[in-house]
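Peer 1: Sequence plus predicted model, see below.
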Number of protein chains: 2
Amino acid sequence: MKALVHITLKKGVLDPQGKAIGHALLGLGFPSVGDVRQGKFIEIELAETDESRARDAVKQMCERLLANTVIENYAIELRP
Amino acid sequence: MKALVHITLKKGVLDPQGKAIGHALLGLGFPSVGDVRQGKFIEIELAETDESRARDAVKQMCERLLANTVIENYAIELRP
């Protein structure tokens, strides 16, 4: 089973990296670009085959290591 | 319109950051963890309303700035 985890900054948290990308895109001649936010995307191969146990494990991984839950949200997607 | 862009390392390209995450997760007591790969996730607000023009623009953004196409793949998803 494969877990796809998206880690994004919470709304209201400043994202200087996203801002830098936005400015660079405007400078490259893409005037339709508005707000840009950058997050992380993590793919984890899991030996676990039970979906609910896999989801619990990945949730714990996010809480304990992958995300800083003070400023970041995470979303978990599982694929067989 | 919003563009969601996933940038991931191509198969076969070493991913030391993913490896570090994998080792840390094993160390934290998640024995079911196998291969871990880390990528980037970028959300771009676009003033463009035409889907095909938006897709073309985001494709160009990826080729010119967001992705290093020698070692990275990108995937574009558009949301109204």
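Peer 2: Done, it's in. Numbering: from 1, shown residues only, chains lettered A, B, ... in the order given.
Peer 1: What residues of stretch A:28-44 count as buried?
Peer 2: For stretch A:28-44, a neighbour-count test (16 or more other Cβ atoms under 10 Å in any protein chain shown) marks A:30, A:32-33, A:36-44 as buried. The C-beta positions use only the backbone N, C-alpha and C, and glycine is treated the same way.
Peer 1: Just the CA trace of that stretch, in CSV.
Peer 2: This file holds the C-alpha atoms of stretch A:28-44, laid out as CSV (Å, rounded to 0.1, in the frame of the first residue of the first chain):
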residue,chain,number,x,y,z
LEU,A,28,8.9,35.6,-16.3
GLY,A,29,5.8,37.1,-18.0
PHE,A,30,2.9,35.2,-16.5
PRO,A,31,0.6,38.1,-15.5
SER,A,32,-2.4,35.8,-14.5
VAL,A,33,-0.5,34.4,-11.5
GLY,A,34,-2.0,35.4,-8.1
ASP,A,35,-1.3,33.9,-4.8
VAL,A,36,1.2,31.0,-4.8
ARG,A,37,1.7,28.5,-1.9
GLN,A,38,4.3,25.8,-1.6
GLY,A,39,3.9,22.7,0.3
LYS,A,40,5.5,19.2,0.6
PHE,A,41,4.4,16.0,-1.0
ILE,A,42,5.6,12.7,0.5
GLU,A,43,5.1,9.2,-0.9
ILE,A,44,5.5,6.4,1.6
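Peer 1: is that stretch anywhere near chain B?
Peer 2: Yes: residues of stretch A:28-44 contacting chain B under Cβ under 8 Å from any Cβ of the partner chain: A:28, A:30-44.
Peer 1: now the strands for chain A?
Peer 2: A:2-9, A:33-46, A:72-79 (DSSP state E).
Peer 1: Return the residues of chain A in contact with chain B.
Peer 2: So far as Cβ under 8 Å from any Cβ goes, chain A lies against chain B at A:6-8, A:18, A:21-22, A:24-25, A:28, A:30-48, A:54, A:57, A:60-61, A:64-66.
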